[in-house]
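Enquirer: fold the following and give me the result.
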Amino acid sequence: MDLKKTTIVAAVAAGMLAAYAPASAKTSLLFNIFVPPKHLIRAAIAEGWIKRVEAASWGEISVRIPGKTLAPAPRQWGMVTDGIADVTIMYNVFERRRLTLIQMSYLPFNIPSAKAAGVALWRTHKKHFEKANQFKGVKLLGFFYLPPGAIHSLGKPIAKVSDFQGLKVRVSPGTPAKFAEAMGGVPVPTPGIKAYEVVSKGVVDAMLFPPSDTYSLKMVPFVKHTVLVPGGAYGASFSLFMNQKKFDGLSDAEKAAVMASSGEKIAEDGVAMDKLNQVGLDALKKNGATISTADAAFMAEAKKRMEFLTKAWLADAKKAGVDGQAALDFYRAEAEKANK
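Expert: Down below sits the predicted model:
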């Protein structure tokens, strides 16, 4: 082999070794995302957090998202605690038996906006819930919300609670299903990614979704009437957390970078959700849907029918050693502040 060929081979070999060798002084984190690549949760929340962490650590931490989810949406907790991924985002209702305190976030009529609710939940967790240690096994990094849930009719208007009677309503599990049932409807639990199918085929008469989801899931053409519920017909919160052992293994500087990029900053990224919600409302209007806000009579009846949920949560809080009423009052006050 001549000198030229030897030089080329050596260069190629060196390049291959460099590609497989771990970068010095770098920590790699695997961040699992169960939503589709174009979903705003990935673009606004996950990628926003990643950029902050990589910048705050001066490149010492790199974060990678796998090409497809490493576990179904309901199994994010176990996936991280088993070490399959280092970081994930989880819809909190999937761990409602473990995370009883955070289920407060799903109570209706308490969500002024996605951003404000996320900030308030983080502050409430730090002040009232953290001591209960319900996130044991993971390092909790923050919360965020979807915008307040609204009522969308695919046919007749829904002006009174009695208009719900007998309607088949597409819902998510948990509070949305209970809301529909308490109003007199028939819940049809359907994952968000499959909602288009039941809506487009006329399987349901109505659906509970933030306006943002009617837009992002391409269901605007089917909506005839939208009723906005002050504070939301339900809330939908998510948590972002990390494998505890992985976090404990970080250097002090890396831990500081992660935490400086988390907490309320994650909640504040929820402003992107609020902006998309307005896009959804504009799209509904443009398509000819009527947009109204639930009146005082509707709200009074709805709150009366949904009171059982708050009572049940207060009982759960008591079992966890937390003054639930104090926590709920604190959350509402902080949400109001954060919404200004």
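Enquirer: what is the burial count for the closest residue to Ala182 other than its chain neighbours?
Expert: Nearest non-adjacent residue to Ala182, counting by CB to CB, 6 or more residues apart in numbering: Arg305, 4.4 Å away. Quick note: C-beta positions are derived from backbone N, CA and C, even for glycine. Residues near Arg305, counting by other CB atoms under 10 Å, number 18.
Enquirer: contacts only, for the closest residue to Gln325 other than its chain neighbours.
Expert: Setting aside the residues directly before and after it, Gln325 is nearest to Leu314 in space (CB to CB, 6+ apart), at 6.4 Å. Going by CB atoms under 8 Å, 6 or more residues apart in numbering, Leu314 touches Gly324, Gln325, Leu328.
Enquirer: now for the residue lying closest to the first one once chain neighbours are set aside, how many residues are close by?
Expert: Which is Gly324. Closest residue to Gly324 apart from its sequence neighbours, by CB to CB, 6+ apart: Ala317 at 3.0 Å. Ala317: 23 surrounding residues under other CB under 10 Å.
Enquirer: same question, Ala333
Expert: For Ala333, the count of nearby residues is 13 (other CB under 10 Å).
Enquirer: Glu307 now?
Expert: 11.
Enquirer: pLDDT score for Ser237?
Expert: Ser237 carries a pLDDT score of 96 in this model.
Enquirer: so it sits against Asn92, correct?
Expert: Yes: using CB atoms under 8 Å, Ser237 makes contact with Asn92 at a distance of 5.1 Å.
Enquirer: return every residue with contacts to both of the two.
Expert: Joint contacts of Ser237 and Asn92 (CB under 8 Å, 6+ apart) are Ile102, Ser105, Tyr106, Phe143.
Enquirer: include distance to Lys26, neighbour count and secondary structure when you put the residues you listed into a markdown table, please.
Expert: What follows is the shared contacts of Ser237 and Asn92, written out as a markdown table (distance: CB to CB, whole Å; neighbours: other CB atoms under 10 Å; DSSP: H, G, I helix; E, B strand; the rest coil):
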| residue | distance to Lys26 | neighbour count | secondary structure |
| --- | --- | --- | --- |
| Ile102 | 33 | 22 | helix |
| Ser105 | 35 | 28 | helix |
| Tyr106 | 39 | 25 | helix |
| Phe143 | 28 | 26 | strand |
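Enquirer: what's the most distant pair in those residues?
Expert: Pairwise distances across these peak at 12.2 Å for Tyr106 and Phe143 (criterion: CB to CB).
Enquirer: quick check: neighbours shared by those two?
Expert: Common contacts of Tyr106 and Phe143, defined by CB under 8 Å, 6+ apart, comprise Asn92, Ser237.
Enquirer: contacting residues for Asn110?
Expert: Neighbours of Asn110 in contact, by CB under 8 Å, 6+ apart: Ala117, Gly231, Gly232, Gly235, Tyr331, Arg332, Ala335.
Enquirer: look up how far Pro148 lies from it.
Expert: Distance of Asn110 to Pro148, computed by CB to CB, to the nearest Å: 9 Å.
Enquirer: give me the common contacts of the two.
Expert: Contact with both Asn110 and Pro148 is made by residues Gly231, Gly232, Gly235, according to CB under 8 Å, 6+ apart.
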